[in-house]
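> Just need the structure, nothing else, for what follows:
(chains A and B)
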Amino acid sequence: MLEDLLKSALLATVEKYGVFEEDITVELEKPRDRSHGDLSTNLALMLGGRLEKNPRELAGDIAADIVLPKDVIDSVEIAGPGFINFRIAQEHRIELLLDVWNPDGALEQIKTGADKRINVEFISANPTGPLNVVSARAGAFGMCLVRLLEAVGYDSHAEYYVNDAGRQVKLLGRSLRSHYLQLMGQDCEFPEGGYQGRYLEIMAAELMEQDTTTIQKAAKAFDDESFQRVAPPKGNAEDWRKLDEEESVGCFSKYALMKILSWQRETCRRFGLRFDTWYFESELHETKRLGRALDRLKKFGSIFEEDGAVWFRSTDFGDEKDRVVVRADGMPTYFLADIAYHYHKFQRGFERAIDFWGPDHHGYIARMKGAMEALDISGDWLEVQILQQVTFLEDGKPINMSKRKGRFVTMDTLMEDVGADVAKYIFLTRKPNSHLDFDLDLVKEQSSENPVFYVKYAHARICSLMAKAEEAGMKTGEPSAKCLNQLTEAAEWNLVGELIRLPHVIISAARSREPHRLTGYAYEVSELYHKFYHQCKVLKIMDDQPEMAQSRLQLSLVTRHVLRVVLKLLGVDAPDVMEEKV
RNA sequence: GCGCCCGUAGCUCAGUUGGAUAGAGCGGCGGACUUCUAAUCCGCAGGUCGCAGGUUCGAAUCCUGCCGGGCGUGCCA
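This next block holds a predicted model:
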């Protein structure tokens, strides 16, 4: 790599001052201002103080001493307080460009993950209602990170954890049953804190029409392996009504769970999310994993009993207080189930687990990581990414979204209103841990002026140009150094300079878990392409300057490739033609 | 009270992990269509980077203390 070349050349020049590789990390960065060259190092500034030398003079000495191949770096300059700026030789830029284009080039070489298995868990919403837009943000991030990790050579695995065993599901069943009984004219009190959303009323109304056959038919939706455990109750709603309350609630719970999971899965599918595993909490209970995890914690001496409850001594691992894992009434807490779940995740052979959580769970991190350490798993194994809250504004006012109170914007509504691509793109332009205000009115109104269209348009524009060129009988040909070296305009070289950053952008986005670097990059590439497109004509010069026209076509071809790679990572479609603006 | 996150243009947000003159989009104003698709391009206006110190060659970025907003602080999930 170019950066390695520069780093070792720089190190060689400072050896005479007694500075060696282990003493300093040489940093290279892309200057903001293009007149400062392509790559810049602050080496002399960092060394200046230490060697008691004037940084600018030191930079001058280094620049004079450094030995670099002329066909790679064609200028070394010092600037400002002591920066050393490098300018990449034109021929080498084209080499780097072709390396991005080449199927076994740079994009293959960045796959350094050695196929290590990484589990990425996201959304994992309670199965008590339709997915809301908060899940959409998590989905966009999680899925993008899964792809990014793949792009740098990991075997990444998307996972969804289903809390199908807790109180919430029972409460859900009770709520549905109550709605149903009320519809049947039976006096029935609504459970305290129950789910009041419209969707349960509708579900209850539908149940009145459903007979055993249609219920079984609906269950067919879960034929595949991962959903085997979601089975419909026997009979129909009338049968369930007649059972004693406990059993009756169980049937309504089972039915509601089945329906809601089918919605959630369909919503995910429509949003382009592909989960490798849907992991059910009930499986943990059936396979006795809670007990086993508890035993192991005991074995390592992290468990004690007090006030009739069983506690995990999380304070040994930096938590602020100890936590209950089995309540005084003998019921395990959600925390214990989570420990068992993550322990099983570890046992399944993942070398790392990344969880996406909401901000309301950040207080949970210390105890969860503590539990992993108590189980003798490295504290780094579990990595928690907090996705900050999304505040939805309607008429300029925040919407209070609570499933129980039933006023929330669903992911489906979001997709209908603005489309999956726009939603994904907007979520992915923000970094994970910043709060996000999502103005629904604004987005609906301006969806056609959203930045995502800017990028899509750049792609479609290239497709259109390629088609026109072909129609006119022009041959684009495989991008080649000979042809591309004919580029002369600043607009062309600015674009080249941006395109060759692709490998670096992918690596940095994956490493920092910050997919928003991709949207920023896609935008930059598109912007430079639009400018190039205006300034550098192709078809109009094809008769007078056929070689120049061809080199511009090849540049367009590589640009299209880069846009496709990035959009695919983002999970956004790259259209050949823009649909009519509404 | 304590813990975590955030505070950058009128609004929504970037700022390459400490770099050079802080950037986009939207909104505002003014230009470019007998077009390789104007969902585009060109120009203008808009800033005490919440406040005050500190660290150093250099701070929006790091450390401390305030101010303001959000979230958490259950034998809930």
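> ok, A:G272 to RNA strand B distance?
Distance from A:G272 to RNA strand B, counting by CB to the nearest atom of the strand, to the nearest Å: 19 Å. Just so you know, the C-beta spots here come from the backbone N, C-alpha and C atoms, and that holds for glycine as well.
> Helix, strand or coil: sort out that residue for me.
Under DSSP: H, G, I helix; E, B strand; the rest coil, the three-state class of A:G272 is coil.
> Centroid-nearest residue for chain A?
What sits nearest the mean C-alpha location of chain A, by CA atoms, centre = their mean, is A:F141, with 2.5 Å.
> how about the helix or strand containing that residue: buried residues?
A:F141 is located in helix A:133-151, with elements delineated by DSSP states H and E. For helix A:133-151, burial by neighbour count (16 or more other CB atoms under 10 Å) applies to A:133-151.
> Alongside RNA strand B, which residues does the stretch 301-450 of chain A contribute?
Taking CB under 7 Å from any atom of the strand as the criterion, the stretch 301-450 of chain A approaches RNA strand B at residues A:306-309, A:320, A:323-324, A:327-329, A:331, A:333-335, A:359-364, A:386, A:388-389, A:429-431, A:433-437, A:439, A:442, A:446, A:448-449.
> Among these, which ones are in helices?
Counted as lying in helices by DSSP state H, out of those, are A:Y334, A:F335, A:T429, A:L442, A:Q446.
> closest to RNA strand B among these?
A:Y334 (3.5 Å; CB to the nearest atom of the strand).
> Measure how buried the residue lying closest to the closest one once chain neighbours are set aside is and give me the count.
Among residues not flanking A:Y334 along the chain, A:G166 sits closest, at 6.4 Å (CB to CB, 6 or more residues apart in numbering). Using other CB atoms under 10 Å, A:G166 has 17 neighbouring residues.
> so what's A:G166 up against?
Taking CB atoms under 8 Å, 6 or more residues apart in numbering, we find A:G166 in contact with A:N126, A:E281, A:Y334.
> among those residues, which ones are buried?
A:E281.
> a markdown table for the contacts of A:G166, including pLDDT?
Shown next, in a markdown table, are these (pLDDT from 0 to 100):
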| residue | pLDDT |
| --- | --- |
| A:N126 | 90 |
| A:E281 | 94 |
| A:Y334 | 93 |
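> any low-confidence regions in the stretch 451-582 of chain A?
Residue ranges of the stretch 451-582 of chain A with pLDDT under 70: A:581-582.
> residues from it in reach of RNA strand B?
Contact residues, the stretch 451-582 of chain A versus RNA strand B (CB under 7 Å from any atom of the strand): A:451, A:453-454, A:457, A:460-461, A:463-465, A:468-469, A:508, A:512, A:514, A:516-517, A:520, A:523, A:527, A:530-531, A:533-534, A:536-540, A:577-581.
> Quick one, which of the residues you listed are buried?
With neighbours counted by 16+ other CB under 10 Å, those contain buried members at A:451, A:453, A:457, A:460-461, A:463, A:465, A:469, A:514, A:516-517, A:520, A:523, A:527, A:533, A:536, A:538.
> In contact with A:A219, which residues?
When contacts are counted by CB under 8 Å, 6+ apart, A:A219 touches A:V230, A:A231, A:P232, A:M258.
> go with 10 Å
By CB atoms under 10 Å, 6 or more residues apart in numbering, the residues touching A:A219 are A:F227, A:V230, A:A231, A:P232, A:P233, A:K254, A:Y255, A:M258, A:K259, A:S262.
> and if you look at A:V19?
The contact partners of A:V19, taken as CB under 10 Å, 6+ apart, are A:L11, A:T13, A:L43, A:M46, A:L47, A:R50, A:L51.
> Select only the buried ones of the residues you listed in PyMOL?
Buried residues among those (16+ other CB under 10 Å), as a PyMOL selection:
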select buried, chain A and resi 11+13+43+46+47
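> Now secondary structure too, for the contacts of A:V19, in a markdown table please.
As requested, the contacts of A:V19 are exported to a markdown table (three-state DSSP):
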| residue | secondary structure |
| --- | --- |
| A:L11 | helix |
| A:T13 | helix |
| A:L43 | helix |
| A:M46 | helix |
| A:L47 | helix |
| A:R50 | helix |
| A:L51 | helix |
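> Closest one to RNA strand B out of the contacts of A:V19, please.
For those, the residue nearest RNA strand B by CB to the nearest atom of the strand is A:M46; the value is 5.3 Å.
> Double-check that closest one against A:L10; I have them as touching.
No: using CB atoms under 10 Å as the test, A:M46 is too far from A:L10 to be in contact (11.2 Å).
> Find residues that contact each of the two.
By CB under 10 Å, 6+ apart, the residues touching both A:M46 and A:L10 are A:I24, A:V26.
> what's the burial count for the spatially closest residue to A:Q210 that is not a sequence neighbour?
What sits nearest to A:Q210 in space, not counting adjacent residues and going by CB to CB, 6+ apart, is A:N236, at 5.9 Å. For A:N236, the count of nearby residues is 21 (other CB under 10 Å).
> Then the one 4 residues further on?
Burial of A:W240, expressed as a neighbour count using other CB under 10 Å, amounts to 23.
> again with A:D439
Neighbour count of A:D439, defined by other CB under 10 Å: 15.
> same check, this time on A:E247
12.
> and if you look at A:S8?
11.
> what about it, helix or strand, and which?
Using DSSP H and E, the element containing A:S8 is helix A:2-14.
> And for A:R560?
Using DSSP H and E, A:R560 sits within helix A:546-570.
> Give me the angle between that helix and helix A:133-151.
Orientation note: helix A:546-570 sits at an angle of 120 degrees relative to helix A:133-151 (axes from the mean of the first three to the mean of the last three CA atoms, to 10 degrees).
> thinking again about what came up before, which ones among the contacts of A:V19 come in contact with RNA strand B?
Restricting the contacts of A:V19 to those near RNA strand B by CB under 7 Å from any atom of the strand leaves A:M46.
> Quick one, which of the contacts of A:V19 has the minimum pLDDT?
Within the set of the contacts of A:V19, pLDDT is lowest for A:R50 (77).
> Skip the chain neighbours and tell me the closest residue to that one.
Of all residues not flanking A:R50 in the chain, A:V19 sits nearest, at 7.9 Å (CB to CB, 6+ apart).
> Would you confirm that that neighbour belongs to a strand?
No: under three-state DSSP, A:V19 falls outside any strand and is assigned coil.
> just to revisit the earlier point, make sure the residue nearest to the centre of chain A is actually in contact with A:W357.
No: here A:F141 does not reach A:W357: they are 11.5 Å apart, not a contact under CB under 10 Å.
> shared neighbours of these two, anything?
Counting by CB under 10 Å, 6+ apart, the shared contacts of A:F141 and A:W357 are A:F122, A:Q385, A:L387.
> Out of those residues, who's the most crowded?
When neighbours are counted by other CB under 10 Å, A:F122 leads the shared contacts of A:F141 and A:W357 with 27 neighbours.
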